[in-house]
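Colleague: need a structure here:
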Amino acid sequence: FHHNRYENVVSRTPLLRFGFVHIFNNYYGRITGSGINSRMGAVALIESNFLENAANPVTSRFTDVAGFWELRNNHLGPGITWTVEDDTLANADTWQNTATFPANELGYSYTPDAAGCVKQIVVALAGAKL
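Modeller: Alright, predicted model coming up:
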C-alpha cells in the first residue's frame with residue numbers, strides 16, 4: 001500500500017490478517033477509531049508515512065492473536081492519541097518495533113519519499129480530481 005490518502009475514516013487503513021504487508025508513503029489524518037491494525041500474525045513494514053490527528057494509528061486489536069510491525073522513518077504530527085479497549089493486544093504508543101520485516105518478502109525495489117513531504121504529495125495526487 002503506498003501513496004494512499006486515509007482521511008476522516010474510522011478504521012481499517014488497512015486491517016491485516018496473516019502474511020507480510022509493506023505500507024509506505026501514505027497520509028493518515030482524522031482517523032477516529034484505529035489506523036493500521038495488524039492481527040492474526042500479520043507482519044507490517046510501516047515506512048515513511050505521515051500521520052496526524054489519528055487515534056491508535058498502529059495497533060493490534062479486535063482479535064485473539066496479535067499482529068506485528070516494523071516502523072521506519074514515519075512522521076508523527078499533532079493529535080496522535082491512544083486508547084486501550086478490552087480487545088487491544090498492543091499499541092505502537094512507544095513507537096517501538098514488535099518484529100523485523102523479512103527482507104526477502106520485498107520482491108521489488110523502491111525509494112520512499114521523505115515522510116515529512118508525504119502529506120503534500122498525497123493530498124495533491126491521490127484520489128479522483130473534480
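Colleague: show me the residues around Ala126 that make contact.
Modeller: Taking Cβ atoms under 8 Å, 6 or more residues apart in numbering, we find Ala126 in contact with His3, Asn4, Arg5, Tyr27. Yep, even glycine has a C-beta here, placed from its N, CA and C like the rest.
Colleague: residues in contact with the spatially closest residue to Ile31 that is not a sequence neighbour?
Modeller: In this structure, Ile31 finds its nearest non-sequential neighbour in Ala54, 3.9 Å apart by Cβ to Cβ, 6 or more residues apart in numbering. Counting by Cβ under 8 Å, 6+ apart, Ala54 touches Tyr28, Gly29, Arg30, Ile31, Gly35, Gly79, Ile80, Thr81.
Colleague: and the helix or strand hosting Ala54, which strands flank it?
Modeller: Using DSSP states H and E, Ala54 maps to strand 50-54. Looking at strand 50-54 with DSSP bridges, its partner strands are strand 27-31 (parallel), strand 75-76 (parallel).
Colleague: Columns distance to Ser60 on top of these, output as JSON lines?
Modeller: Output for the strands paired with strand 50-54, formatted as JSON lines (distance: least, Cβ to Cβ, whole Å):
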{"stretch": "strand 27-31", "distance to Ser60": "16"}
{"stretch": "strand 75-76", "distance to Ser60": "18"}
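Colleague: tell me the most buried of these?
Modeller: For these, the largest average neighbour count (mean count of other Cβ atoms under 10 Å) is found in strand 27-31, namely a mean of 22.
Colleague: following it, which helix or strand comes up?
Modeller: In N-to-C order, the element after strand 27-31 by DSSP H and E is strand 36-39.
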